[in-house]
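> here's a sequence, model it:
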Amino acid sequence: MHDIQNEIFTETKFWGAILLKDGVAGLVVFNLARSVQNATYGPLQGFSFWFVILMGFFWLCPSVSNAKLRNYQRLFITLTNNRSTYHAIERIDFEVQERIEMVMGTTEEIQEEDELLSLEELEIDRVDK
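Numbering: from 1, shown residues only. Prediction:
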């Protein structure tokens with residue numbers, strides 16, 4: 001029959017371990033370095049060219065902590081990471097929630113019901129002791 005590739009979403013290799021997107025990014029970095037070199041003061045042109053090339057190479061290298069990510073991807077994740085701490089919602093017993101939801105009356109009726117409930121709870125506490 002037909003040979004079906006096991007991993008459909010593998011990244012395209014350009015040459016050896018260099019991926020196609022790395023080759024394209026390398027060309028973009030090289031063009032950026034050339035344009036920065038042309039815009040730089042004469043005696044510093046060589047320095048600016050190599051500086052941009054080395055910085056571009058650094059951002060395209062795999063991250064130390066996660067080899068599947070590039071340094072520029074790791075920077076993006078770090079900057080956009082949500083640092084909020086989520087706290088658990090306070091647990092409400094079913095009976096308490098049912099009492100809260102079933103209240104439909106005036107404020108006087110609610111106060112009377114609260115007094116009755118507090119008296120019932122006091123009686124239950126006495127019986128338990």
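
> ok but I110 is inside a strand, no?
No: according to DSSP: H, G, I helix; E, B strand; the rest coil, the state of I110 is helix, so it is not within a strand.

> let me know the pLDDT of it.
What the model reports as pLDDT for I110 is 78.

> ditto for I92
Note for I92: predicted pLDDT of 61.

> what of V96?
pLDDT, read off for V96, is 59.

> need the helices for the chain, in chain order.
20-39, 45-60, 71-80, 94-102, 107-128 (DSSP state H).

> quick one: closest of those helices to H87.
Proximity to H87 (Cβ to Cβ) singles out helix 94-102 among those, at 19.5 Å. No exception for glycine: its C-beta is placed from N, CA and C like everyone else's.

> select from the helices of the chain the stretch with the lowest mean pLDDT.
Mean pLDDT is lowest for helix 94-102 out of the helices of the chain, coming in at a mean of 60.

> count of residues packed around R70?
Counted by other Cβ atoms under 10 Å, the residues lying close to R70 total 20.

> likewise for I110?
I110: 12 surrounding residues under other Cβ under 10 Å.

> the helices of the chain into TSV, with extra columns for distance to E11?
Converted to TSV, those look like this (distance: least, Cβ to Cβ, whole Å):
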stretch	distance to E11
helix 20-39	7
helix 45-60	14
helix 71-80	13
helix 94-102	51
helix 107-128	64
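
> do you know which of those lies nearest A88?
Here helix 94-102 is closest among the helices of the chain (Cβ to Cβ), at 16.4 Å.

> ok, F57 touching V29?
Yes: with contacts counted by Cβ atoms under 8 Å, F57 reaches V29, the gap being 7.5 Å.

> higher neighbour count, those two?
The residue with more neighbours, out of F57 and V29, is V29; 18 against 13, by other Cβ under 10 Å.

> can you list the domain ranges for this protein.
13-80, 94-128 (automatic domain parsing).

> now do stretch 83-91: everything it contacts.
Taking Cβ atoms under 8 Å, 6 or more residues apart in numbering as the criterion, no residue outside stretch 83-91 touches it.

> in this protein, which residue is most central in space?
N81 (4.0 Å; Cα atoms, centre = their mean).
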